[in-house]
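Q: Compute the structure for the input listed below.
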Amino acid sequence: MFHFNYYTPTKVIFGKAVENQTGELVKAFGGKRVLIHYGGESAVRSGLLDRVKAALDEQGIFHVELGGVVPNPRLGKVKEGFALAREQGVDFLLAVGGGSVIDSAKAIAYALAEPEHDVWELFTHKRKAKGCLPVASVLTIAAAGSEMSPSCVITNEKTGEKRSYNDDLSRPRFAVMNPELTMTLPDYQTESGCTDIMMHTMERYFTQGGNMGLTDEIAEGLLRTVMKCAEVLHTDPQNYEARAEVMWAGALSHNGLTGCGNNGGDFVSHGMEHELGGMFDVTHGAGLAAIWPSWARYVYKDCLPRFVRYGVQVMGVEPEADDELTALKGIEAMENFYHRIGMPVNLRELGINPTDEQILEMAESCANAAGGQKGSAKVLRRQDFVKIYRMAR
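A: Next up, the predicted model:
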């Protein structure tokens, strides 16, 4: 194993009706003037937004609101939120929604902490953040793990770039998690979320040496649990227990726990999907499912022991005398799982058909965003990204 730092300061409030505690929580963490940030009309129609506002009113906390966050959250909305929050003297960001809303709130919080700078400079890694206003969330979608992570992903709609910025400054102060709030999600969104949750752990799992036994067991248990619950929710979307398991897994999968002691993670599939999201605006989890099998077949020989273990311990395949066959059986079993929950396993099934020119553009952009190379299962560069995109068509 490798040395590691594990820092997870977010307070979690988990269970039915816990959104009614939001006002008390904001007050406890020092919020006096709150921007409530949310996505579409579902938060309004369901009554959730009214319950959150009532909880803030009970504590005498001033609040303004800004909706309209979309999947692959836009820089334009971040700048709109920054202007509104600065005008209203906001000192606390409350995201009511999923990962896109939380990421947008984090970006606004960064912008407010350093108003003299362009917040996009963080995402192009021209500078590091020196501050971030407090952020918290009332979670409505189990997927991105932003409710406990230091990660933030924003799309610049003018350039088509989808970029991430990671900094502990943005870790949310608290996360309110009521699994009932996820029950109205369409199946495609639920299963895309389960795919994203699994991928956050899988990106940390496929490494070269230095793995910690306990971390592996935690990671494998999380993956098996999400797979089981994803199939339950595919046919029984109102199953509270499955919703609760998936919601908790989403937070744990991206707060650093499933990578402790294994020296980081791969995150090539995420990087390549970010280019798909920036160019084609695809659903993130579905885009990951469409890329992962081609990435896996491209790198498995260079990370064979991990793929063998994954196949046996997570996918439940019988070991073959030939380790390569075991690894390939595990990858095929993963594809079969994706199909069982309605996820794509290539770009055609995702509904897109990038041209050679578009593939070259995405590969170049992916390499630039990674500083030239990326990967822990196998270090990959621009020409490798080209080959994987082509394999995935």
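Q: Quick check, central residue of the protein?
A: By C-alpha atoms, centre = their mean, the mean C-alpha position of the chain lies nearest to Ala144, the distance being 2.6 Å.
Q: Sticking with it, tell me its helix or strand.
A: Using DSSP states H and E, Ala144 sits in no helix or strand.
Q: So what touches the helix or strand of the chain with the lowest mean pLDDT?
A: In the chain, no helix or strand scores lower on mean pLDDT, DSSP states H and E than helix 42-45, which sits at a mean of 90. Applying C-beta atoms under 8 Å, 6 or more residues apart in numbering, the contact partners of helix 42-45 are Leu49, Asp50, Gly67, Val96, Gly97, Thr140, Thr184. C-beta: built from backbone N, CA, C; applies to glycine.
Q: so what does the following helix or strand past it touch, helix or strand wise?
A: Once the chain leaves helix 42-45, the next helix or strand it forms, by DSSP H and E, is helix 48-58. Counting contacts by 3 or more C-beta pairs under 8 Å, 6 or more residues apart in numbering; DSSP states H and E, helix 48-58 is packed against helix 22-28, strand 33-38, strand 62-66, strand 92-97.
Q: So which other helices or strands are in contact with the last one?
A: When contacts are defined as 3+ C-beta pairs under 8 Å, 6+ apart, strand 92-97 sits against helix 22-28, strand 33-38, helix 48-58, helix 99-113, strand 135-139.
Q: Could you do the second one as well?
A: Counting contacts by 3+ C-beta pairs under 8 Å, 6+ apart, strand 33-38 is packed against helix 48-58, strand 62-66, helix 75-87, strand 92-97, helix 99-113.
Q: Let me see the residues that make contact with it.
A: By C-beta under 8 Å, 6+ apart, the list of residues contacting strand 33-38 from outside reads 26, 49, 52-53, 56, 61-67, 69, 81, 84-85, 88-97, 101, 104-105, 108.
Q: Return a selection command, for use in PyMOL, containing the buried ones of the residues you listed.
A: Of these, the buried ones can be selected in PyMOL as follows, counting by 16 or more other C-beta atoms under 10 Å:
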select buried, resi 26+49+52+53+56+61+63+64+65+66+67+69+81+84+85+90+91+92+93+94+95+96+97+101+104+105+108
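Q: Show the model's pLDDT score for the residue nearest to the centre of the chain.
A: As predicted, Ala144 sits at a pLDDT of 95.
Q: Likewise for the one 10 residues further on?
A: If you check Ile154, the pLDDT there is 98.
Q: Let me know which of the helices and strands packed on strand 92-97 is the nearest to Gln358.
A: Minimum separation from Gln358 across the helices and strands packed on strand 92-97 (C-beta to C-beta) falls at helix 99-113, 23.7 Å.
Q: pLDDT (mean, whole number) over the closest one?
A: Here the average pLDDT along helix 99-113 is 98.
Q: Now do the longest helix seen in the chain: which elements does it pack against?
A: Using DSSP state H, we find that the single longest helix of the chain is helix 213-235. For helix 213-235, the packing partners by 3+ C-beta pairs under 8 Å, 6+ apart come out as helix 187-205, helix 240-253, helix 304-313, helix 323-340.
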